[in-house]
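Colleague: how does the following fold in three dimensions:
(chains A and B)
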Amino acid sequence: MVIRTRFAPSPTGYLHLGSARTALFNYIFAKSQKGFFILRIEDTDKERSKEIFVEDIIESLKWLGINYDEGPIFQSERIEIYRKVIEELIEKEKAYRCFCTKEELEAKRQEQITRGEPPRYDGTCAKLTKEEVNTKLSQNVPYVIRLKVPKQILTFKDLLRGEVKYDLSLLGDFVIAKSEEEPLFHLATPVDDYYQGITHIIRGAEHIPNTPKQILIYKAMNWKLPIYAHLPLILGESGGKLSKRHGAKSIQEYRQEGYLPEAIVNFLVLLGWHPLGQKEVVSLEEIIKEFRLEDVEVRHSAFNPKKLIWLNRVYLRKKSPQEIEKLILNDPYLNDLRNYLEVYSAEDTYKIIELGKERANTIRDIFTTVKFFYQEIDYPKELLIWKDYTFEQIKNSLITIKNSLENIPEEKFNYEFLKTVLDSLNEDKGLTYWPLRVAVTGLEASPPPIDIILIFGKKKTIELIEKAIEKLK
RNA sequence: GGCCCUGUCGUCUAACGGAUAGGACACCGCUCUUUCAAGGCGGAAAUACGGGUUCGACUCCCGUCAGGGCCA
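Modeller: This next block holds a predicted model:
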C-alpha cells in the first residue's frame, strides 16, 4: 500500500507551533514509509479564510523544510465534488433536507435541556415525504442538509490510543451542508480524504470527537476507512491548547527572531516522540529513518520555550560564519542584519560572527552580544575596576598596557604574541584583562579581549584605552 | 452541563509485569577562566490518590481526583 498523508489547515490564522507539529508528523510519517504528503487548504469558510494566511502557511512549511508532494489543493475549488456526494447521499436516503427554522430548533433544544436530555435534532424532516419536500422546494423554503445518524455505539480504532467508543445517539442527525454548494467541515474533510486517497489521517487530538461524524460519511458512501492517529495537543505555558488565543507565536515570528528551522523541527519532534537511545539532537533525516507512528506518545505536552532556545543554540553553534552570512543575505526576514556585514572586511566579519554566535540564542542575538563593534561605547568608570583595586592602580595598569601595545610592531600583532606580552604584565592577570576588556567593549560580559583587539587593530585599541585612562583622571 | 482523551522529576521524555525509576531542558553547587558563554564534574527533583489482579506493578482492571479537548 502506498502511504498518503495530508496536512489540511484552514487558512484562518498564521501557522503556529501546534499546527506545524501536525504538518511535520504527517510529513515525517509519509517520508518514513516512502509515501506522499499532501497539502490541502480547507477554505470553505469564506468569512474567515484569508489569502494572507494561505501564503503564510505555504511559506512557513517551505522554511521548515516540510515539503509536500501534492498541492496546495483548495477546497473552494472542489465544490462540484461535494455537490455530487451530497446529491448521492440524498438520493440513497442517507441524508435529507431539513426545513426547520432556527426558532423551531431553538424551542426543541430548550425543551430537551429542561428534560435533562442532550440537545440534538429530533429527525422531524426525515419523515417528510417526497411530495412534501418538493412542495417546500418549489416554495423556496430555506433548508440545510442533515445526515441520518443511526442510534448505536460507534467504535473506531485510533492507532495511538486503541479503540475509542462513541455513542451516536447523543449526536442526532447533524448538518453536513448548508446547501448543495456549501459543504461543512464534517462533509468536505472526509470527501477530500477519500478522493485524495489519504491512507492515514494524522491530526491533533482535538479532532477525536469529530472522527465519528466523518466516519459516518465514509460508511454512508460505502468507502473504505482510513487509519486514524490523533496526536497529543501541545499546551501553552499557561495550560490550554496552544493557539493564537493563548499567545502562540507564529512560525514566521520565530523566523523573524532568528531561530533556525532545524531547531524548531527538532524541538517539535521531541514533543510526543523521541529518537533511539538517549540522544535528543536529531536531524530530519535521522528522524525519518527512525520514526514509528505507533511510538508517538498520547499525553498532551506543554511548550517549553527554554528547551527551544537551547536547541537553537546547539544548531547555531554548528553553523559556520559563512553559513550564517548566507542565511542573513538570503532571508528577507533577516534583511536588516545586512548592515552588520558591511562594516568590517569579510574576514573580520566572520571572526565577529564566530565570537558572537558562541554567546547568542538566535541569529539576531549574534550582533547584540558584540554590539561594541558597531556602536560608540560608553560605560561608567567604576566598571573598569577589577576586584578591590583603586582607580589609580587601574589607571596605571591601563597605561602599562597601552605602552606595551604601542611597542608591538604591526607584524607581531597576533594572538600568541599579544598573549605573551599581556600575560607578563601583572601577577594578577585580571588586573590586565578586566580593565582592558571593559575599555574595548564597555560591557560587564563579553568575548575575550585579545580576540576583540585583533579585530579592532592596534590604532583603534589604543584610542579606546586612552579614553578609559581619560575617564580615570 | 454532556461526551471523549490523558495523568512518571517544574518541563519534554525512557522504562512496553521483574535493577538503586534512566536521559534532556531549566535550577543549584564545584571546576576551568580576566568577564560572559561554552565545556567538565556533581546535586536536588517524579510514578496523582485509593482499591484490586499478581510471587511481583510506572506498566493490567475499577473508582476518586486533576488537567485537557469537543459539543452545547
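Colleague: the helix-or-strand element of chain A with minimal mean pLDDT and RNA strand B in contact?
Modeller: Within chain A, no helix or strand scores below helix A:102-114, which has a mean of 80 by mean pLDDT, DSSP states H and E. Yes. Judged by C-beta under 7 Å from any atom of the strand, helix A:102-114 comes into contact with RNA strand B through A:109, A:113. Glycine gets a C-beta too; all of them are placed from N, C-alpha and C.
Colleague: so residue A:198 touches residue A:6, yeah?
Modeller: Yes. Residue A:198 is within contact range of residue A:6, at 5.2 Å (criterion: C-beta atoms under 8 Å).
Colleague: can you list residues touching both of those two?
Modeller: residue A:38 (C-beta atoms under 8 Å, 6 or more residues apart in numbering).
Colleague: on that earlier part again, check the offset of the least confident helix or strand of chain A from the chain's centre.
Modeller: Computed by C-alpha atoms, centre = their mean, to the nearest Å, the chain-centroid distance of helix A:102-114 equals 42 Å.
Colleague: what comes up buried for that helix?
Modeller: Across helix A:102-114, burial judged by 16 or more other C-beta atoms under 10 Å covers A:105, A:108, A:109, A:112.
Colleague: compare residue A:198 and residue A:6 and say which is more crowded by neighbours.
Modeller: Set residue A:198 next to residue A:6 and count neighbours by other C-beta atoms under 10 Å: residue A:6 wins out with 28 against 23.
Colleague: how deep is the spatially closest residue to that one that is not a sequence neighbour tucked in, by neighbour count?
Modeller: The shortest distance from residue A:6 to any non-neighbouring residue, by C-beta to C-beta, 6 or more residues apart in numbering, is to residue A:38 (4.2 Å). The number of residues packed around residue A:38, counting by other C-beta under 10 Å, is 23.
Colleague: what lines up beside the helix or strand hosting residue A:38 in the sheet?
Modeller: Secondary structure from DSSP states H and E places residue A:38 in strand A:36-41. When pairing is defined by DSSP bridges, strand A:36-41 lines up against strand A:4-7 (parallel), strand A:70-74 (parallel).
Colleague: quick check: next helix or strand after it?
Modeller: helix A:51-64.
Colleague: tell me the mean pLDDT over that following helix?
Modeller: Across helix A:51-64, pLDDT averages out at 95.
Colleague: secondary structure of residue A:18: a helix, I assume?
Modeller: Yes. Counting by DSSP: H, G, I helix; E, B strand; the rest coil, residue A:18 is part of a helix.
Colleague: wait, it touches residue A:234, no?
Modeller: Yes. Residue A:18 is within contact range of residue A:234, at 4.8 Å (criterion: C-beta under 8 Å).
Colleague: that's a strand at residue A:230, yeah?
Modeller: Yes. Looking at residue A:230 with three-state DSSP, it is inside a strand.
Colleague: just list whatever residues bridge to it.
Modeller: Bridge pairing for residue A:230 - DSSP bridges - gives residue A:203.
Colleague: for it, give me its contacts.
Modeller: A:158, A:160, A:161, A:202, A:203, A:204, A:205, A:207, A:208, A:211.
Colleague: quick one, what contacts the first one?
Modeller: Right, residue A:158. A:164, A:208, A:211, A:228, A:229, A:230.
Colleague: do the same with the third one
Modeller: With contacts defined as C-beta under 8 Å, 6+ apart, residue A:161 is in contact with A:230, A:298.
Colleague: state the distance from it to residue A:232.
Modeller: For residue A:161, the distance to residue A:232 (C-beta to C-beta, to the nearest Å) stands at 10 Å.
Colleague: repeat that for residue A:468.
Modeller: Distance of residue A:468 to residue A:232, given as C-beta to C-beta: 56 Å.
Colleague: which one of these two is surrounded by more residues?
Modeller: residue A:468 (24 against 18).
Colleague: just the pLDDT at that one, thanks.
Modeller: 89.
Colleague: please identify the helix or strand for it.
Modeller: Assigned by DSSP H and E, residue A:468 falls in helix A:449-472.
Colleague: three-state assignment of residue A:156?
Modeller: Per three-state DSSP, residue A:156 ends up strand.
Colleague: quick one: it and residue A:213 touch, right?
Modeller: No. Contact between residue A:156 and residue A:213 fails when scored by C-beta under 8 Å: they sit 11.1 Å apart.
Colleague: any regions of the stretch 201-350 of chain A where pLDDT drops low?
Modeller: By pLDDT under 70, the low-scoring segments of the stretch 201-350 of chain A are A:238-247.
Colleague: could you redo the last one with a cut-off of 50?
Modeller: Applying pLDDT under 50 to the stretch 201-350 of chain A flags no residue at all.
Colleague: show me what from it comes close to RNA strand B.
Modeller: A:205-206, A:208-210, A:232-233, A:235, A:239-241, A:270-274, A:278, A:280, A:295, A:297-302, A:304, A:306-307, A:309-310, A:313.
Colleague: can you flag the buried ones in those?
Modeller: With neighbours counted by 16+ other C-beta under 10 Å, those contain buried members at A:205, A:208, A:232-233, A:235, A:241, A:270-274, A:300, A:309, A:313.
Colleague: domains in chain A, by residue range?
Modeller: Annotated domains of chain A cover A:1-73+A:232-315, A:81-182, A:319-373, A:381-472 [automatic domain parsing].
Colleague: between those, which one is nearest to residue A:192?
Modeller: domain A:1-73+A:232-315 (6.1 Å; C-beta to C-beta).
Colleague: re earlier: I'd like the strands paired with strand A:36-41 as TSV, with distance to RNA strand B appended.
Modeller: What follows is the strands paired with strand A:36-41, written out as TSV (distance: least, C-beta to the nearest atom of the strand, whole Å):
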stretch	distance to RNA strand B
strand A:4-7	17
strand A:70-74	22
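Colleague: least reliable of the ones you listed going by mean pLDDT?
Modeller: When these are compared by mean pLDDT, strand A:70-74 comes last with a mean of 91.
Colleague: for the residue nearest the centre of chain A, what are its contacts?
Modeller: Taking C-alpha atoms, centre = their mean, the centroid of chain A lies closest to residue A:17, which sits 3.1 Å from it. For residue A:17, the contacting residues are A:234, A:242, A:248, A:249, A:251, A:264, A:268, A:303, by C-beta under 8 Å, 6+ apart.
Colleague: and the helix or strand harbouring residue A:263 with helix A:51-64, angle?
Modeller: According to DSSP H and E, residue A:263 maps onto helix A:261-269. Angle, helix A:261-269 to helix A:51-64, by axes from the mean of the first three to the mean of the last three C-alpha atoms, to 10 degrees: 100 degrees.
Colleague: next SSE downstream of helix A:261-269?
Modeller: Of the helices and strands lying after helix A:261-269 in sequence (DSSP H and E), the nearest is helix A:284-290.
Colleague: for that next one, C-alpha coordinates in CSV please.
Modeller: Only the C-alpha atoms of helix A:284-290 are listed here, as CSV (Å, rounded to 0.1, in the frame of the first residue of the first chain):
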residue,chain,number,x,y,z
LEU,A,284,15.3,15.4,9.9
GLU,A,285,17.0,12.6,8.0
GLU,A,286,17.6,10.6,11.2
ILE,A,287,14.1,11.3,12.4
ILE,A,288,12.6,9.9,9.1
LYS,A,289,14.8,6.9,9.4
GLU,A,290,13.8,6.1,13.0
